[in-house]
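Asker: Fold the following.
(2 chains)
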Amino acid sequence: MSTILETHGLTMRFGGVVAVNNVNFSLLERELRCLVGPNGAGKSTFFKCLTGQYPLSHENGRVLIRGADVTGWETYEIVRSGVGIKTQIPSVMNGLTVQENLWLAARRIHGWHGARGAMEEIADELHLGDLLRRNVGELSHGQRQMVEIGIVLVQRPWLVLLDEPAAGMTGNEVERLIGVVRRINLTASVIVVDHDMEFVRLLNSRVTVFHQGAILVEGPSDQVLADPAVLEVYIGSRAT
Amino acid sequence: MTDWPSAGRIRWGWFLLAAAILVLLPLVTETLTPTLLLIWALFALSLGMMWGFAGLLSFGHAAYFGLGAYTYAIAVLNIGESTVPLLLSLIVPAAVAAAIGAMMFYGRISDVYMGVITLVVTLILFKFMSATAGDAYKIGAARLGGFNGIPGYPTLNAPGFPDISLFGMPTYYICAAALLLSYLLWRWILARSFGRVLIGIRENEMRCELLGYNVAAYKTGIFALSAAMAGLAGCLFANWAEIVTPAMFGLSQAAEVLIWVIVGGLGTLIGPILGAVVLGYVKILLGQQTLIDNSLILGALLIFVVLAMPRGVVPALQLVWGSIRRRARARSGRHGTRRRLGVSPAERV
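Answerer: Numbers count the residues shown, from 1 in each chain, chains lettered A, B, ... in the order given. As a prediction, the model looks like this:
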């Protein structure tokens, strides 16, 4: 399988703080990868570098998507190359209905006439049908997370980046989310950023552990999550 | 097509009623004051669309109002016929706004910084135009005239016939048509993808970017369109007043339109129109007395509306109307249930 996402020497500094430190990362086509690490490990900064939310230049290293150098691209250009992005805090249009949110996401890809069908399909898949006419701002945190996932999926991306998708969800919602992530992975590569080890264990994928802005270890989830170095970083940091 | 409540819709009954009133109004009153009120309404509508639906607050929208007026005056003095100057009065403000907008939005300047930049632009134009009294300041046959402005230019004529003047009642009907067509244009835009994306940008700019929309291009587009409409209002004002002066770029003009939009109601198209017409008329009435400064009364009115109805008068009335309709529906629903159950209202006691 071919590599669809690569970073070479990716570095991001904020003043004297090195949030992402010389990260070399690669993701294969149709791969599901979890990025884990304690708070402050640099996962979300790395995520924002990938999505253009932090403007990059070649001094920050290089990001390649399907072989194309996207370093310095605007976020909307990266999205247009087929990347779907779900942010850490649900980024939805709270003043609009669920239907309007999904329609806006579907319109660019499916056109004026195809948007409605695509929207209804994704609403069925995520059990959002009863919420379509509700304002997103009125929904629970977990429901808004699901709306945002719907917004991402209706764009039919081939690379999906999910930043803490399970945050604030109930047990049932998390179970459904795992099914959704697996279904997405049938047609797209997926990166899930999370620090919930149980959620990562249930996804049972390859895992990359971040620590102090750099990659600490990488490998299959059962092997990585049992790694003493990971336990020390993770549980040690939780214990403090 | 899907249901999009946030974009609103045309209520054709109300629209046709308003059109009929505008057509028949000259039968019962003079047209000078209504013409001015229509021009102000058009100006407020231009800002109301950009601010209320795209979330872009310009403190200096008067810049484009003034540019439209000056462009018309300068062009008509040079060309002699009004058709091209009328078109230029839309194109020049739109081009200036597109250039300023592109610099701001591609430079990721927004919120209060955008407000400051737009305000500074109009104040620079005010200062510059006020300092153009010398002979050196002329464009072709048009002397800019400094603080005294440009008087004595030809007003609108029938397209292609410079001798057939449209001053007076025809200008009133031109203003009425401009307002009604502008309203329909904004409604059409809001029903299309462009308008819906603008609403999305107002709600969450980052999400729209994450959906692959070029947010800066959309914002620049609506900024330029709104400036074109403000320019048209300026051109019509120039025809109404028969003189253009730097005061059109002034702080007072810039503040007034903001007040009309806030009081009328953000996020509606009818709010800014009503705000401009009602407050404009109040201003004219207050201008006829010398007992109290009219700015004080308008300021007090603004404070009252902001405190009592933060979203403006029209949205507040819409809320009240919606609640009355819901109650009436609930009551008729209860009565229907009683009737179906064979229980008369009297038996409820």
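
Asker: Chain B contacts on chain A?
Answerer: A:51, A:53, A:74-76, A:79-80, A:85, A:87, A:91-97, A:99-100, A:103-105, A:107-108, A:112, A:115-116, A:119, A:133, A:151, A:155 (C-beta under 8 Å from any C-beta of the partner chain). All C-beta spots, glycine's among them, are computed from the backbone N, C-alpha and C.

Asker: Sketch out the low-pLDDT regions of chain A for me.
Answerer: Under the criterion pLDDT under 70, the flagged ranges of chain A are A:235-240.

Asker: If you count neighbours, what's buried in the helix or strand where residue A:106 lies?
Answerer: Under the criterion of DSSP states H and E, residue A:106 resides in helix A:98-125. For helix A:98-125, a neighbour-count test (16 or more other C-beta atoms under 10 Å in any protein chain shown) marks A:98-110, A:115-116, A:118-120, A:122-123, A:125 as buried.

Asker: now the residue sitting nearest the centre point of chain A, which residues is it bridged with?
Answerer: By C-alpha atoms, centre = their mean, chain A has its centre lying nearest to residue A:162, at 1.7 Å. Residue A:162 has these beta-bridge partners by DSSP bridges: residue A:86, residue A:192.

Asker: residue contacts, it?
Answerer: A:86, A:149, A:152, A:181, A:190, A:191, A:192, A:193 (C-beta atoms under 8 Å, 6 or more residues apart in numbering or on different chains).

Asker: what number of residues lie near residue A:179?
Answerer: Counted with other C-beta atoms under 10 Å in any protein chain shown, residues neighbouring residue A:179 total 10.

Asker: What is the helix or strand hosting it packed up against?
Answerer: Per DSSP H and E, residue A:179 falls inside helix A:171-187. Here helix A:171-187 is seen to pack against strand A:32-36, helix A:141-153, strand A:189-193, helix A:197-203 when contacts are counted using 3 or more C-beta pairs under 8 Å, 6 or more residues apart in numbering or on different chains; DSSP states H and E.

Asker: Any chance of JSON lines for the ones you listed, columns mean neighbour count?
Answerer: Formatted as JSON lines, the helices and strands packed on helix A:171-187 follow (neighbours: other C-beta atoms under 10 Å in any protein chain shown):
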{"stretch": "strand A:32-36", "mean neighbour count": "24"}
{"stretch": "helix A:141-153", "mean neighbour count": "23"}
{"stretch": "strand A:189-193", "mean neighbour count": "25"}
{"stretch": "helix A:197-203", "mean neighbour count": "18"}
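
Asker: how about TSV for those, with distance to residue B:247 added?
Answerer: Converted to TSV, the helices and strands packed on helix A:171-187 look like this (distance: least, C-beta to C-beta, whole Å):
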stretch	distance to residue B:247
strand A:32-36	60
helix A:141-153	48
strand A:189-193	57
helix A:197-203	64
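
Asker: Quick one: closest of those to residue B:83.
Answerer: helix A:141-153 (47.3 Å; C-beta to C-beta).

Asker: So what touches that closest one?
Answerer: A:84-87, A:90-92, A:98, A:101-102, A:104-105, A:122-123, A:125-128, A:131, A:136, A:139, A:160, A:162, A:165-170, A:173, A:177, A:180, A:184, B:207, B:211.

Asker: how about low-confidence regions in chain B?
Answerer: In chain B, residues with pLDDT under 70: B:1-2, B:335-349.

Asker: longest strand in it, by residue count?
Answerer: strand B:161-165 (DSSP state E).

Asker: Within range of chain A, give me the residues from chain B.
Answerer: B:1-6, B:193, B:196-197, B:199-200, B:202-204, B:206-215.

Asker: From those, list the buried ones, please.
Answerer: B:2, B:4, B:6, B:193, B:196-197, B:199-200, B:202-204, B:207-215.

Asker: Helix or strand: which one has residue A:9?
Answerer: strand A:3-14.

Asker: ok and that strand relative to strand A:189-193, angle-wise?
Answerer: 30 degrees (axes from the mean of the first three to the mean of the last three C-alpha atoms, to 10 degrees).

Asker: partners of whichever helix or strand comes after strand A:3-14 in the sheet?
Answerer: Downstream of strand A:3-14, the next assigned helix or strand under DSSP H and E is strand A:17-28. Sheet pairing for strand A:17-28, assigned by DSSP bridges, gives strand A:3-14 (antiparallel).

Asker: mind listing what's buried in the partner strand?
Answerer: Buried, per 16+ other C-beta under 10 Å, within strand A:3-14: A:4, A:5, A:6, A:7, A:10, A:11, A:12.

Asker: what do you get for stretch B:112-128?
Answerer: In stretch B:112-128, counting by 16+ other C-beta under 10 Å, buried: B:114, B:115, B:117, B:118, B:119, B:121, B:122, B:123, B:125, B:126.

Asker: Closest to chain A out of the residues you listed?
Answerer: Lowest distance from chain A to the buried residues of stretch B:112-128 (C-beta to the nearest C-beta) belongs to residue B:114, with 19.1 Å.

Asker: Give me the phi and psi for the closest one.
Answerer: Per-residue torsions, residue B:114: phi -60, psi -40 (degrees, to the nearest 10).

Asker: Residue B:237 is in what secondary structure piece?
Answerer: Counting by DSSP H and E, residue B:237 is part of helix B:215-241.

Asker: On the C-terminal side of that helix, identify the next helix or strand.
Answerer: Next element after helix B:215-241 (DSSP H and E): strand B:243-244.

Asker: List the strands paired with that following strand, with their directions.
Answerer: Partners of strand B:243-244 in its sheet, by DSSP bridges: strand B:150-151 (antiparallel).
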